[in-house]
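Asker: Would you be able to build a 3D model of this:
(2 chains)
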Amino acid sequence: MSKKVGIPRALFYYNYFPLWNTFFEELGAEIVVSRNTTKKTIDEGSKSCVDEACLPIKVFYGHVIELKDKVDFLLIPRFTSVSRGEYICPKFGGLPDMIRNTITGLPEIIDVDVDLWKNGSNPLISAFEVGGYFTNERRKIRKAYRKAIESFTEYRSEVKKGVLPEDILSKKLRLIKKIDEPRLNIALIGHSYNVYDNYVNMDMVNKLKNNGVNILTIDMVSSKVIKEKVKNLSKKMFWNYGTRAIGSTMHFLDKKDIDGIIYLMSFGCGIDSFVSDLIERRVRRKKELPFIVLTIDEHSGEAGMDTRIEAFIDMIRWRKKGENNISAYG
Amino acid sequence: MKITFPHMGNTFISAKALLDDIGVECIIPPYNNKKTLEIGTKHAPEMVCLPLKINLGNYIQAHELGADTILITGGRGPCRFGYYCEMSKEILADASYNMEVITLDGPNGNMKEFLERIKKLAGGFNVYKILKVIKNTTIVSKRVDEIEKLTYKIRPRELIKGSTDKVYKTMLNKVRKVNGSREILQLLSETKKQLMEIEIDKELIPLKVGIVGEIYTTIDPFANFHIDFILGNMGVEVDRAVTVSGWIIEHMLKNILPTKKDLRYRQAAEPYLGRMIGGHAQETLGNTVLYAKNGFDGVVQIYPLTCMPEIVAQSILPSIERDYDISILTLIIDEMTGEAGYMTRIEAFVDLLNKRRERFEVGKNVALFRS
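Answerer: Predicted coordinates:
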C-alpha cells in the first residue's frame, strides 16, 4: 500500500500545490488534500489555535485537524524564505512547531526546511529530504523534482495569463452571470491564501466576476516587472509577499486600464498591516484610483462585505458613466 | 542638526551618551506617556504593532521641541521592526512633519552607504574617535542594565517600601541634565552606591519571576505599566534576560566583530523551535526553559498585539509549561489595554505562585503533586 501524504488546503497550497502534487505522485505516494474550507474548519481551527493568531493560521489548523487521522504523513514545510534575500511571515517558519505543540495525535510531520535566503541555496536539497521519506533512490527523487518543477512552471505561466488558480486547481469552469455593462478591471491584492480561498474571502472572487469584473492578482504580474518597479524603494522590502504586492501595485498604477484596487487583508496580519498602508499611501499620492481595504477575520459578516463590494463597483461605474454629471448639491 | 530618537526604556541613556560624545545636539523626547501614544495612534495605521505607534509619538513630540533628524536602528526582517524606518518616513512625510530619518542598518553588502550614514552622523571619519565612542556607549549601556538588575534584587527585599523606586527615579531625572558618557557613568556609580545603602531583609527568599517576550514591551516601562516595579513591590524578584546592552553587544557589535555569540538560549529553545524566525521568539522560548531550569517560580511573557514571532512562541509555551512544570502568564498589550485588568491578572498570578510554593514547601495537598 502506498503511503498517504496529507496536504492541508490552506496557506501555501494555492502557490505550490501542482509542485507538491507532481512530486509525490512521481514518488508513488498517495495524496490526500483536505476539503474546501468550511465553517467547521474555521471553528475547529480557532478552538485549538492561540486567539491572537491571524485567520489564515486558524484555517490551517482546521485543515490539519481534518486530515490528521486520515494520513500517514502531513506536509507542513518550514518556510523561512522562498526567494533570495527575502523572508516570509515568521509564522510560517514556526508553523510545524506551532502545530506540533498544540494539536495532539498527529501523524508524522514532514517539516522540511525551505530557506532560500542565502545566495546559492538550492531547493533540491529540500526535495531530497522530503523524498527520503518515500524512496532511497536519489535518481528517482531528482527525476520527480524535475517533473514537479515543470508542472509548477506550467501552472505559473497559466496564472500569469490571467487564469485564477482556483479554476486550474479545481479543473472546472464556473458559470458567470452575463452583464450588459462594460467589464471592469479590478486588481485584487492580498495573500494568495486569502484571495483564492473562496470560503475565507466570502466568495468575493465570484461575486466580483458576476458583477462584470475581470480580476487581476499579484500572481499575474511577472517577477521581472516587479523587480523593475521596486527598484526605487528607498529600502528593500524584506518580505517576498511585500515586494510582490508593492511592485505589482506600482505596475497596476502605471497601467491605464485598471479601474480600481481592492486590498484584502486578514485581521492581525503583521505584514498586511505595513504593506496595505504603504500601498494605500502610494495609490492616494499618485492619482485618483478607487481603492478600498477589506479586512476579514473569523467573525466577518458576509452582508457587510457584500455591501462594500457592491458600493465600490457602483461607484466605479458611476464615475465612468457620468463624470461631468455632478449634483448641484455637492 | 538636532537629533532625536525613539524611547525604549532606558535606551535613551546610552543614546544620549553616544550623541553627546560625538558632539551633536540631541533632543530627548518626553518620557512615553498617554499623549505620546495618542499622537502615535492617530497617525499610524490601525493594525501596526504598539512600538511603532509609541515611536511615532516620540518623533512628533520631539519635533515640537525642535528636533529635525531621527536616529533609529534598522534590520532585515522578518520581524516588522526592520521596516519601521521606512514606515516612519512615509507617515511623517504624509503628515507633513519635515524630519530626516537616519537608519543605523548593518552593512548588508552596501558598505558605502553605511559609511556615508556614519559620516553624516559623526561629521567625519576619525576612526579612533568613533571606536572610542562605541566603546563608551557600550559601557554605559552595560552599567545601566547592571543598575536595573540591582533594583530587581533590592526592591523585593527592601525594608522601607519605595526607597528603591525613589533612588531609581532620581537617577532618571538627573540623567537628562548631565552631559557625555563620563558624567553619566559617574551618576550611575553614585546611584549604585545609594542602592547598596538601602536596608534590606537578608533572610527573605522572594518568589522569582522571569520576564520574556518582545523586546520593546518587556523593556519599556510605559508599555508594560512598570511591571518590574509592580512585581518588585509585591515582593517578587524579577529577571529579564533580554537587555539593551545585550542587544547592542549581541546584535550590533558581534555581527561585525568575529567573536562568538552567546547562544545558550538558542540551544535551550532547540527542541521547541529549531530555527530563527525573527524577532525574539527563540529568546522567549529559550529563556523560559533556562528560567525553569534555574528554579524560577514563574515566567511572564509580554508582547504587543499582532506581534508575529511572539504568537509562534505563545503557541509553543504550553509545552514548556508542561515539560518543566513552570507557570507562565501571557500579557498582550495594545493601546486599549486597561491598567486595572492588567494589574488584576498580575496579582492573581503572584497569588498562584505563592500558593504553589507553599504547597511544595509544606507538603500539603500531596495529592496534587506530580511524581
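Asker: Where do the domain boundaries of the chain fall?
Answerer: All of this refers to chain A. A:4-160, A:172-321 (automatic domain parsing).
Asker: Oops, wrong one, chain B.
Answerer: Per automatic domain parsing, the structural domains of chain B span B:2-125, B:138-201, B:206-368.
Asker: JSON lines please, covering these and showing distance to A:Cys269, mean pLDDT and mean neighbour count.
Answerer: The C-beta positions use only the backbone N, C-alpha and C, and glycine is treated the same way. Shown next, in JSON lines, are the domains of chain B (distance: least, Cβ to Cβ, whole Å; pLDDT from 0 to 100; neighbours: other Cβ atoms under 10 Å in any protein chain shown):
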{"stretch": "domain B:2-125", "distance to A:Cys269": "8", "mean pLDDT": "85", "mean neighbour count": "19"}
{"stretch": "domain B:138-201", "distance to A:Cys269": "34", "mean pLDDT": "91", "mean neighbour count": "17"}
{"stretch": "domain B:206-368", "distance to A:Cys269": "8", "mean pLDDT": "86", "mean neighbour count": "19"}
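Asker: could these go into TSV alongside distance to A:Lys161?
Answerer: Shown next, in TSV, are these (distance: least, Cβ to Cβ, whole Å):
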stretch	distance to A:Lys161
domain B:2-125	31
domain B:138-201	56
domain B:206-368	34
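Asker: The residue most central in space within chain A: what's it in contact with?
Answerer: Central residue of chain A (Cα atoms, centre = their mean): A:Ser192, 1.0 Å from the mean position. Taking Cβ atoms under 8 Å, 6 or more residues apart in numbering or on different chains, we find A:Ser192 in contact with A:Phe12, A:Tyr14, A:Asn15, A:Pro165, A:Thr217, A:Asp219.
Asker: Mark which of the residues you listed are part of strands, please.
Answerer: Using DSSP state E, A:Thr217 are the members of these that sit in strands.
Asker: Among the contacts of A:Ser192, which pair sits farthest apart?
Answerer: Greatest spatial distance in those: A:Phe12 and A:Thr217, 15.2 Å, computed using Cβ to Cβ.
Asker: Need the phi and psi values for the nearest residue to A:Gly105 once chain neighbours are set aside.
Answerer: Nearest residue to A:Gly105 in three dimensions, chain neighbours excluded: A:Lys68, at 6.4 Å (Cβ to Cβ, 6 or more residues apart in numbering or on different chains). Main-chain torsions, A:Lys68, degrees, to the nearest 10: phi -60, psi -30.
Asker: same question, B:Ala269
Answerer: Torsion angles, degrees, to the nearest 10, at B:Ala269: phi -80, psi -20.
Asker: show me the contacts for the residue lying closest to it once chain neighbours are set aside.
Answerer: Spatially, and ignoring its direct neighbours in sequence, B:Ala269 is nearest to B:Gly286 (3.6 Å; Cβ to Cβ, 6+ apart). Neighbour list for B:Gly286: B:Arg264, B:Tyr265, B:Arg266, B:Gln267, B:Ala268, B:Ala269 [criterion: Cβ under 8 Å, 6+ apart].
Asker: Pretty sure the second one sits in a strand.
Answerer: It refers to B:Tyr265. No. If the criterion is DSSP: H, G, I helix; E, B strand; the rest coil, then B:Tyr265 is helix and not within a strand.
Asker: show me what contacts it?
Answerer: B:Ala241, B:Gln282, B:Glu283, B:Leu285, B:Gly286, B:Asn287, B:Leu290 are the contacts of B:Tyr265 under Cβ under 8 Å, 6+ apart.
Asker: next helix or strand past the helix or strand containing the fourth one?
Answerer: With secondary structure defined by DSSP states H and E, B:Leu285 is part of helix B:281-293. Toward the C-terminal end, the helix or strand that comes next after helix B:281-293 (DSSP H and E) is strand B:298-304.
Asker: Report the angle between the next helix or strand after that following strand and strand B:298-304.
Answerer: Heading C-terminal from strand B:298-304, the first helix or strand you meet, by DSSP H and E, is helix B:308-324. For helix B:308-324 against strand B:298-304, the angle by axes from the mean of the first three to the mean of the last three Cα atoms, to 10 degrees is 170 degrees.
Asker: other SSEs contacting the helix or strand following helix B:308-324?
Answerer: Counting by DSSP H and E, the next helix or strand C-terminal to helix B:308-324 is strand B:327-333. Judged by 3 or more Cβ pairs under 8 Å, 6 or more residues apart in numbering or on different chains; DSSP states H and E, the packing partners of strand B:327-333 are strand B:298-304, helix B:308-324, helix B:339-362.
Asker: Indicate whether the longest one makes contact with chain A.
Answerer: No. In terms of Cβ under 8 Å from any Cβ of the partner chain, no part of helix B:339-362 sits within range of chain A; the closest distance is 15.0 Å.
Asker: quick one on the thing from earlier: next one: the residue nearest to the centre of chain A from A:Met220, what distance?
Answerer: 11 Å (Cβ to Cβ, to the nearest Å).
Asker: Quick one: name the residues of the stretch 151-300 of chain B near chain A.
Answerer: B:Tyr272, B:Leu273, B:Gly274, B:Arg275, B:Met276, B:Ile277, B:Gly278, B:Gly279, B:Ala281.
Asker: The fifth one: what secondary structure?
Answerer: Secondary structure for B:Met276, judged by three-state DSSP, is coil.
Asker: ok now do the closest residue to chain B within the stretch 101-250 of chain A, which residues does it touch?
Answerer: Minimum separation of the stretch 101-250 of chain A from chain B (Cβ to the nearest Cβ) falls at A:Phe238, amounting to 3.4 Å. Counting by Cβ under 8 Å, 6+ apart, A:Phe238 touches A:Gly85, A:Glu86, A:Tyr87, B:Arg76, B:Gly77, B:Pro78, B:Gly82, B:Tyr83.
Asker: want to throw these into a markdown table with distance to A:Ile42 and secondary structure?
Answerer: What follows is these, written out as a markdown table (distance: Cβ to Cβ, whole Å; DSSP: H, G, I helix; E, B strand; the rest coil):
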| residue | distance to A:Ile42 | secondary structure |
| --- | --- | --- |
| A:Gly85 | 34 | coil |
| A:Glu86 | 29 | strand |
| A:Tyr87 | 27 | strand |
| B:Arg76 | 34 | coil |
| B:Gly77 | 29 | coil |
| B:Pro78 | 26 | coil |
| B:Gly82 | 31 | helix |
| B:Tyr83 | 30 | helix |
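Asker: Switch the residues you listed over to JSON lines; also include distance to A:Val200.
Answerer: Written out in JSON lines, the entries for those read as follows (distance: Cβ to Cβ, whole Å):
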{"residue": "A:Gly85", "distance to A:Val200": "30"}
{"residue": "A:Glu86", "distance to A:Val200": "24"}
{"residue": "A:Tyr87", "distance to A:Val200": "23"}
{"residue": "B:Arg76", "distance to A:Val200": "30"}
{"residue": "B:Gly77", "distance to A:Val200": "25"}
{"residue": "B:Pro78", "distance to A:Val200": "23"}
{"residue": "B:Gly82", "distance to A:Val200": "28"}
{"residue": "B:Tyr83", "distance to A:Val200": "26"}
